[in-house]
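A.B. asks: Sequence first, predicted coordinates after that:
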Amino acid sequence: MRLSLFIWILLLFFNCAKKPKYSKTPQISFKSFYTLSQDSAVLTINFSDGDGNIGGGPAQDGNFFVTYYFWDKDSSKYDVFSDATFFQDTIDVRSFPSPSDAYKNKPISGEIALLMSPYRKDNTIKKFKYTCYIKDNAGNKSNLVQTPEFNVP
């Protein structure tokens, strides 16, 4: 009697726990930005992906894309930061590893923390922000996220 009641409760519990349903196109949101030193910081975003095919892949293709913007005092507006000595193009391409095989073809969510060193070209840039997006292994591009404005000493 007790065993059947226990099994019934377990079945009820597991049937009530629903798996999250996420789009097969990755979705991201800004979580945090912390400076570690004068030249390094960590940018963290939240992500979800409905089929778990995120991360890994060829390093040259990348899967995390960041555009840097700095406040131009002369024009009183944000400009895209482009300087080949800082990074190759106006978009900084990074890669992150894929989750374990246990998550393939399953909905997943989590955080991606990106070490940015340097996070600005030099100490004269005091006011800046980023936009970023990710791509999954099928080439689906996430939404574009803009960070808040950052002011650093």
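C.D. replies: In hand now; what should we look at? The shown structure was predicted, so the numbers you read here are calculated from the model rather than taken from an experiment. Residues are numbered from 1 along each chain as shown.
A.B. asks: Regarding the residue nearest the centre of the chain, what is its secondary structure?
C.D. replies: For the chain, the residue sitting closest to the mean C-alpha position, by C-alpha atoms, centre = their mean, is residue 45 at 4.0 Å. Following DSSP: H, G, I helix; E, B strand; the rest coil, the label given to residue 45 is strand.
A.B. asks: now it: how far from residue 148?
C.D. replies: According to C-beta to C-beta, to the nearest Å, residue 45 and residue 148 sit 13 Å apart. The C-beta positions use only the backbone N, C-alpha and C, and glycine is treated the same way.
A.B. asks: Are there residues contacting both of these two? Which ones?
C.D. replies: Contact criterion C-beta atoms under 8 Å, 6 or more residues apart in numbering; residues shared by residue 45 and residue 148: residue 30.
A.B. asks: Can you name the next helix or strand after the least confident helix or strand in the chain by mean pLDDT?
C.D. replies: Counting by mean pLDDT, DSSP states H and E, the chain has its least confident helix or strand at helix 2-16, which shows a mean of 54. Following helix 2-16 in sequence order, the next helix or strand is strand 27-35 (DSSP states H and E).
A.B. asks: Let me know the average pLDDT across that following strand.
C.D. replies: Average pLDDT, strand 27-35: 94.
A.B. asks: How about stretch 124-144?
C.D. replies: Mean pLDDT, stretch 124-144: 90.
A.B. asks: Tell me, how many residues neighbour residue 136?
C.D. replies: Residues contacting residue 136 under the criterion other C-beta atoms under 10 Å number 23.
A.B. asks: which ones are touching it?
C.D. replies: The contact partners of residue 136, taken as C-beta under 8 Å, 6+ apart, are 24-26, 49, 51, 53-54, 63, 142.
A.B. asks: and residue 130, what element?
C.D. replies: Judged by DSSP H and E, residue 130 forms part of strand 127-134.
A.B. asks: Tell me the gap between that strand and the middle of its chain.
C.D. replies: Between the centre of strand 127-134 and the centre of its chain there are 11 Å (C-alpha atoms, centre = their mean, to the nearest Å).
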